[in-house]
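Enquirer: for reference, the sequence and a predicted model appear below.
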Amino acid sequence: MFPFVGRYRWALPDDHFFDYVLIRTLHETKCFAKMKSGFEECEMTIEQRLSAWMAAAFARAGVTEAAHGSIGVRRSQNEAFGDYQCEAALKVARALGQPPRVLAAAVQAQGTPPGCEPLAVAGPGFLNLRLSTAGLEEALEAQAADERLGTPPAGAGRTVVLDYSSPNVAKPMHIGHIRSTVIGNALDRLFRFLGYRVIADNHVGDWGTQFGLLILGYRQFLEPAALQADPIAELERLYRLSYERSRAEPEWLAAARAELVKLQAGDADNLALWRQFVAWSRAEFQRVYERLDVHFDLERGESYYNDKLPGVLERLAAAGVLEASEGAQIVRLEAEQLGVCIVRKSDGGYNYATTDLATVLNRIDEFNPTEIVYVTDERQQLHFNQIFAVARRLGVATTLRHVWFGLMRLPEGTFSTREGNVIKLERLLDEAESRALALVQAGSPELPAETQAAIARAVGLGAVKYADLSQNPQSLVTFTWEKALALEGNSAPYLQYAHARIRAVQDKYRERFPHEDPARFPLCVREPAERRLALRLLQFPDALLAAAAQTRPNLIADALYDLAQTYSSFYQTLPFLKAPAGIRESRLRLCDLTARVLKQGLNLLGIAAPDRI
Ligand code: ARG
């Protein structure tokens with residue numbers, strides 16, 4: 001029978017805990033995860049495996065996670081301290097009144113983790129782990145043989161609704177919508193790769209109070225030629241004119257309200273106009289999505305929930321949380337320090353909050369998701385905190401998360417801006433492509449013009465996306481062309497070039513040794529530079545899990561940049577084509593694996609990695 005070794009818990013993106021059981025036989029360690037259907041065997045990353053082993057070793061030394069919280073290992077920052085480090089002995093010993101080194105020695109006495117060299121106790125009581133050569137090579141072979149590059153299906157059996165992009169009809173996308181689109185799409189790709197069922201829903205703002213003013217403005221001020229040339233710009237102009245007039249003339253405002261009421265009551269003329277506005281806007285948004293290679297499963301928009309709004313109030317009333325206040329209907333959230341949430345205005349109209357509540361309830365009914373994730377700029381934090389609090393009062397147990405980001409700063413003159421944050425994304429992408437084209441023409445003048453243009457598209461788009469995705473979403477960043485298009489440094493072009501250069505190395509090998517099949521040779525990881533590269537490759541899946549758990553695509557970018565730099569010193573330090581047969585093929589396979597990881601990682605960020613640049 002399998003002896004039970006231990007169990008380990010680690011956080012998954014939705015803050016639920018999965019339980020894992022390690023079973024060790026004479027020859028292997030297997031991992032079983034607790035699923036709805038019972039325990040099923042699953043893959044683990046190296047970090048998870050070592051963490052599981054460590055928790056079990058502590059348990060045998062008398063210290064359990066149940067009593068002391070999670071016990072695991074972390075990648076060490078300094079290779080002098082091994083590849084991974086565990087500091088649990090330091091943390092726990094104090095609680096036990098034991099010297100940390102004594103506890104660490106007791107853990108050390110439990111044996112050697114699979115694939116590692118014997119544990120070392122260091123400093124005040126750290127446990128240092130170093131993978132053995134055989135352990136590294138074995139793990140790397142498994143990664144190379146795996147299409148998913150060793151990434152566990154952490155999301156299997158889970159559904160996430162991802163609400164992102166969500167621009168407003170009859171208004172241009174602003175920088176916040178663009179960031180939401182780029183960040184949301186990276187999360188979309190990442191969650192799918194991790195095995196989640198993802199429902200990407202573009203919650204377009206197509207049912208706001210702007211339509212009363214817009215309909216009135218359209219009837220009064222329309223310039224047909226301007227509409228023909230650029231419908232969105234014209235709608236925006238009409239809206240602004242109408243809005244200004246409403247501020248000066250109460251009668252105008254009243255007339256706009258009347259148009260809105262007519263629209264909401266289903267007036268045929270107003271509905272026809274509204275449909276037209278929506279169609280023009282959607283066509284414009286669609287152009288942007290095509291260009292960004294972003295695709296949604298649903299584009300429901302706020303109007304979809306219109307007839308579900310009275311039902312929200314009924315449920316709130318049934319739950320006993322609805323209150324009348326100054327003619328409006330509210331939910332008090334003072335206990336959570338979230339003020340009050342208005343769900344029906346004193347004029348009888350519903351609002352943004354009511355729609356979002358209807359949306360939550362509808363998504364739960366229809367998709368039964370494990371979690372719902374919203375991606376917007378920081379200004380909507382209070383709104384979502386209120387929605388989540390009200391939803392919990394209605395008994396919603398689904399994890400609800402708001403992923404917010406700061407607004408990116410656009411230095412004056414970087415690209416055309418209209419009114420502060422409003423930028424023409426298409427013009428920005430045009431400029432990115434033409435700047436990238438200049439780089440490609442300078443770097444690869446021999447390529448046909450068509451190929452150059454295709455590469456410039458990938459590099460230009462990649463540069464813009466990566467400039468956004470490589471930053472912590474919540475920190476304030478300033479976009480500059482110099483940084484976005486830098487050939488050295490943390491940029492998309494740097495990673496795309498690194499990838500293409502590896503492909504070129506592989507081509508050179510094939511020219512020199514056309515009859516050799518490198519797959520016949522084992523991966524061997526003996527030199528320090530090979531070892532470092534191997535570790536970076538094996539740590540890629542952990543970076544993906546961390547990026548998903550923290551909803552921070554920049555953790556993927558960091559891992560790729562680190563990998564590309566490690567590869568570059570590997571390539572510069574060690575002979576390659578001139579290395580002895582066998583070693584040469586092993587190095588070629590390391591190159592190939594590096595290229596695959598770079599390509600996969602860039603793909604998760606929505607960035608292409610062409611084989612030639
Ligand atoms: N349309 C909104 C805006 O532009 C964003 C919508 C975000 N999603 C949501 N379910 N509220 O501000």
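Expert: That came through, no problem.
Enquirer: near the ligand, which residues of this structure show up?
Expert: Residues of the chain lying close to the ligand by CB under 6 Å from any ligand atom are Asp163, Ser166, Pro167, Asn168, His203, Gly205, Asp356, Thr359, Tyr374, Thr376. All C-beta spots, glycine's among them, are computed from the backbone N, C-alpha and C.
Enquirer: closest residue of the stretch 501-613 of the chain to the ligand?
Expert: Evaluated by CB to the nearest ligand atom, the stretch 501-613 of the chain has Thr551 as its residue closest to the ligand, separated by 15.2 Å.
Enquirer: OK, contacts around the residue nearest the centre of the chain?
Expert: Centre of the chain computed as the mean C-alpha position; nearest residue by CA atoms, centre = their mean is Leu187, 2.7 Å away. Leu187 makes contacts with Leu162, Tyr164, Val373, Val375, Val403, Ala548, Thr551, Pro553, as judged by CB atoms under 8 Å, 6 or more residues apart in numbering.
Enquirer: next, report how far the strand or helix carrying it is displaced from the centre of its chain.
Expert: Using DSSP states H and E, Leu187 falls within helix 175-193. Using CA atoms, centre = their mean, to the nearest Å, the mean C-alpha position of helix 175-193 is found 6 Å from that of the whole chain.
Enquirer: do the same with stretch 300-307
Expert: Distance of stretch 300-307 from the chain centroid (CA atoms, centre = their mean) equals 26 Å.
Enquirer: tell me where the stretch 451-600 of the chain has helices.
Expert: Across the stretch 451-600 of the chain, reading from the start of the chain, the helices by DSSP state H, counting those that start in this stretch fall at 481-484, 492-512, 528-549, 554-573, 583-604.
Enquirer: would you turn those into TSV with distance to Val278?
Expert: Formatted as TSV, the helices of the stretch 451-600 of the chain follow (distance: least, CB to CB, whole Å):
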stretch	distance to Val278
helix 481-484	33
helix 492-512	34
helix 528-549	34
helix 554-573	35
helix 583-604	32
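Enquirer: to Gln471, which of those lies closest?
Expert: Nearest of the helices of the stretch 451-600 of the chain to Gln471, taken as CB to CB: helix 554-573 at 5.8 Å.
Enquirer: quick check: buried residues in that closest one?
Expert: Under the neighbour-count criterion of 16 or more other CB atoms under 10 Å, helix 554-573 has 554-561, 563-564, 566-567, 570-571 buried.
Enquirer: who does it touch, helix- and strand-wise?
Expert: With contacts defined as 3 or more CB pairs under 8 Å, 6 or more residues apart in numbering; DSSP states H and E, the packing partners of helix 554-573 are helix 449-469, helix 492-512, helix 528-549, helix 583-604.
Enquirer: pull that helix out as PDB, backbone CA atoms only.
Expert: Only the C-alpha atoms of helix 554-573 are listed here, as PDB (Å, rounded to 0.1, in the frame of the first residue of the first chain):
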ATOM      1  CA  ASN A 554       3.400  41.600 -14.700                       C
ATOM      2  CA  LEU A 555       4.600  38.600 -12.800                       C
ATOM      3  CA  ILE A 556       4.700  36.700 -16.100                       C
ATOM      4  CA  ALA A 557       6.600  39.600 -17.700                       C
ATOM      5  CA  ASP A 558       9.200  39.500 -14.900                       C
ATOM      6  CA  ALA A 559       9.700  35.800 -15.300                       C
ATOM      7  CA  LEU A 560      10.200  36.100 -19.100                       C
ATOM      8  CA  TYR A 561      12.600  39.000 -18.700                       C
ATOM      9  CA  ASP A 562      14.600  37.100 -16.100                       C
ATOM     10  CA  LEU A 563      14.600  34.000 -18.400                       C
ATOM     11  CA  ALA A 564      15.800  35.900 -21.400                       C
ATOM     12  CA  GLN A 565      18.600  37.400 -19.500                       C
ATOM     13  CA  THR A 566      19.600  34.100 -18.000                       C
ATOM     14  CA  TYR A 567      19.500  32.600 -21.500                       C
ATOM     15  CA  SER A 568      21.700  35.300 -22.800                       C
ATOM     16  CA  SER A 569      24.500  34.700 -20.300                       C
ATOM     17  CA  PHE A 570      24.100  30.900 -20.900                       C
ATOM     18  CA  TYR A 571      24.600  31.500 -24.600                       C
ATOM     19  CA  GLN A 572      27.500  33.800 -24.200                       C
ATOM     20  CA  THR A 573      29.400  31.700 -21.600                       C
END
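Enquirer: distance from it to the middle of the chain?
Expert: In terms of CA atoms, centre = their mean, the gap separating the centre of helix 554-573 from the centre of its chain is 20 Å.
Enquirer: hmm, who's touching stretch 492-499?
Expert: For stretch 492-499, the surrounding residues in contact (CB under 8 Å, 6+ apart) are 436, 439, 458-459, 462-463, 465-467, 484-488, 560-561, 564, 567-568, 595, 598-599, 602, 607-611, 613.
Enquirer: sorry, back to before: in TSV, list the buried residues of helix 554-573 along with pLDDT.
Expert: Conversion of the buried residues of helix 554-573 to TSV gives the following (pLDDT from 0 to 100):
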residue	pLDDT
Asn554	97
Leu555	97
Ile556	98
Ala557	98
Asp558	98
Ala559	98
Leu560	98
Tyr561	98
Leu563	98
Ala564	98
Thr566	97
Tyr567	97
Phe570	97
Tyr571	96
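Enquirer: helices and strands of the protein: which one bottoms out on pLDDT?
Expert: Scoring the helices and strands of the chain by mean pLDDT, DSSP states H and E places strand 417-418 at the bottom, with a mean of 40.
Enquirer: still on that earlier bit, got the phi and psi for the residue lying closest to the residue of the stretch 501-613 of the chain closest to the ligand once chain neighbours are set aside?
Expert: Distances taken as CB to CB, 6 or more residues apart in numbering place Val403 nearest to Thr551, at 4.6 Å, with adjacent residues excluded. Dihedral angles phi and psi of Val403 (degrees, to the nearest 10) take the values phi -100, psi 110.
Enquirer: wait, Val403 sits on Val375?
Expert: Yes. When contacts are counted by CB atoms under 8 Å, Val403 is listed as touching Val375 (4.8 Å).
Enquirer: which of those two has more neighbours?
Expert: Val375 (27 against 21; other CB atoms under 10 Å).
Enquirer: does the helix or strand hosting the more buried one pack against any helices or strands, and if so which?
Expert: With elements delineated by DSSP H and E, Val375 resides in strand 371-377, which encompasses its position. Packing contacts for strand 371-377, counted by 3+ CB pairs under 8 Å, 6+ apart, involve strand 159-163, helix 175-193, strand 399-405.
Enquirer: got the contact list for stretch 318-332?
Expert: 313, 316, 340-346, 390, 393-395.
Enquirer: repeat that with 10 Å
Expert: Applying CB atoms under 10 Å, 6 or more residues apart in numbering, the set of residues contacting stretch 318-332 from outside is 312-317, 333, 338-351, 353-354, 357, 386, 389-390, 393-395.
Enquirer: identify each buried residue in the lengthiest helix in the chain, please.
Expert: Scanning the chain for the helix with the most residues, using DSSP state H, yields helix 268-292. Within helix 268-292, the residues that qualify as buried are 270, 273-274, 277-278, 280-282, 284-285, 288-289, 292, counting by 16+ other CB under 10 Å.
Enquirer: tell me the spacing between the residue of the chain most remote from its centre and Arg245.
Expert: Ranking residues of the chain by C-alpha distance from their mean position (CA atoms, centre = their mean) puts Glu251 at the top, at 47.6 Å. Shown here: Glu251 relative to Arg245, a distance of 10 Å by CB to CB, to the nearest Å.
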